[in-house]
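Asker: here is a sequence together with a model predicted from it:
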Amino acid sequence: MRRGTKKFTLISLIIFALLGLQACKNKKLLDKNEKNPTVQTFQAQSNGPQTLGTSPYDYTLWYQGGVKHTLSWYGASQRGGAAFKATWSDSDDFLARVGYSWTNAGEDIKNIGNISCQFSYKKSGEGTAGNYNYIGIYGWIRNETATDPNEKLVEYYIVDDWFGNGAQSEKTPITTATTQGNVLGTYQLDGATYQVIKNVREDQPSIDGNQTFTQYFAIRQSPRQKGTLSISQHFAQWQKMGLAIGKVTENSFLVESSGESGWLDCTYLKFTKN
């Protein structure tokens, strides 16, 4: 009995010690979590860019159809400050994005500074984002003096990655079969070749309601999930190709899906400008 009692006492001491260590770990974790901002999750449409606390970033959530769409921002002190997770389910079109935005009237490209974006993320598998889908930089441009009325408003994309679809692999570059429009040429930047496509959308949703507008696409020919996007340098390349860039309304990191159910989760996302 005494041996059994000693054995029981020794086991008890070990258990109590382990419990004490776990309690300390839990307390440290709790203390750490108390210092971290709470993740903010949005499900309703944002009706344009909305501020994210005292951070320099705004978010936009927009969709047509489907259910259970979310954008969760990790907080100003987490993962670079702009990182977010987006989820979608059976949407006809879903866009979630975080980044810089200006007024709806836009800011002259000469005044926005030299902007770049550092990013890394994980994503759901191939075929989880519908027939067309894009990951990269997104925004709108106003060209008040454009002679072509279709170019007074431009929706632009710098596409670094995609989910693939029924017609193409996620490793095969997006073509005009997805974007429509015409190929204008290529340039080298950020360690790869980008192909530039120009397209016109007729009577489609825009920041000014349904109307006809132009789209600029710069499609990276070798997709990636981590790196730096030199946004202002892309703009400079477009201008060399004759594309008009007057006032910019937004520079955001985007995931867009046209269907299926999937997700994108940023492990790091930060914009810089100087």
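Answerer: Done, it's in.
Asker: and for Thr54, nearest residue in space, chain neighbours not counted?
Answerer: Leaving aside its sequence neighbours, Thr54 sits nearest to Ala76 (Cβ to Cβ, 6 or more residues apart in numbering; 6.8 Å). Heads up, the C-betas are built off the backbone N, CA and C, glycines and all.
Asker: ok, now Gln237?
Answerer: Leaving out its chain neighbours, the residue that sits closest to Gln237 by Cβ to Cβ, 6+ apart is Tyr187, at 4.6 Å.
Asker: again with Gly127
Answerer: Gly127's closest residue in space is Gly164 (Cβ to Cβ, 6+ apart), at 6.0 Å.
Asker: would you mind measuring from that neighbour to Gly227?
Answerer: For Gly164, the distance to Gly227 (Cβ to Cβ, to the nearest Å) stands at 19 Å.
Asker: check Asn210 too.
Answerer: Counting by Cβ to Cβ, the gap from Asn210 to Gly227 is 35 Å.
Asker: in the stretch 151-274 of the chain, which spans are strands?
Answerer: Applying DSSP state E, counting those that start in this stretch to the stretch 151-274 of the chain gives strands spanning 153-161, 182-189, 192-204, 211-220, 226-229, 247-248, 250-257, 261-273.
Asker: quick one: closest of those to Gln168.
Answerer: strand 211-220 (11.8 Å; Cβ to Cβ).
Asker: next, the buried residues of that closest one.
Answerer: Neighbour-count burial for strand 211-220 flags Gln211, Phe213, Thr214, Gln215, Tyr216, Phe217, Ala218, Ile219, Arg220 (criterion: 16 or more other Cβ atoms under 10 Å).
Asker: turn the residues you listed into CSV, including pLDDT and distance to Tyr57.
Answerer: Shown next, in CSV, are those (pLDDT from 0 to 100; distance: Cβ to Cβ, whole Å):
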residue, pLDDT, distance to Tyr57
Gln211, 95, 27
Phe213, 98, 25
Thr214, 98, 26
Gln215, 98, 24
Tyr216, 98, 23
Phe217, 98, 24
Ala218, 98, 22
Ile219, 98, 25
Arg220, 98, 23
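Asker: pipe those into JSON lines and attach distance to Glu107 per row.
Answerer: Shown next, in JSON lines, are the buried residues of strand 211-220 (distance: Cβ to Cβ, whole Å):
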{"residue": "Gln211", "distance to Glu107": "21"}
{"residue": "Phe213", "distance to Glu107": "19"}
{"residue": "Thr214", "distance to Glu107": "19"}
{"residue": "Gln215", "distance to Glu107": "20"}
{"residue": "Tyr216", "distance to Glu107": "17"}
{"residue": "Phe217", "distance to Glu107": "22"}
{"residue": "Ala218", "distance to Glu107": "20"}
{"residue": "Ile219", "distance to Glu107": "26"}
{"residue": "Arg220", "distance to Glu107": "26"}
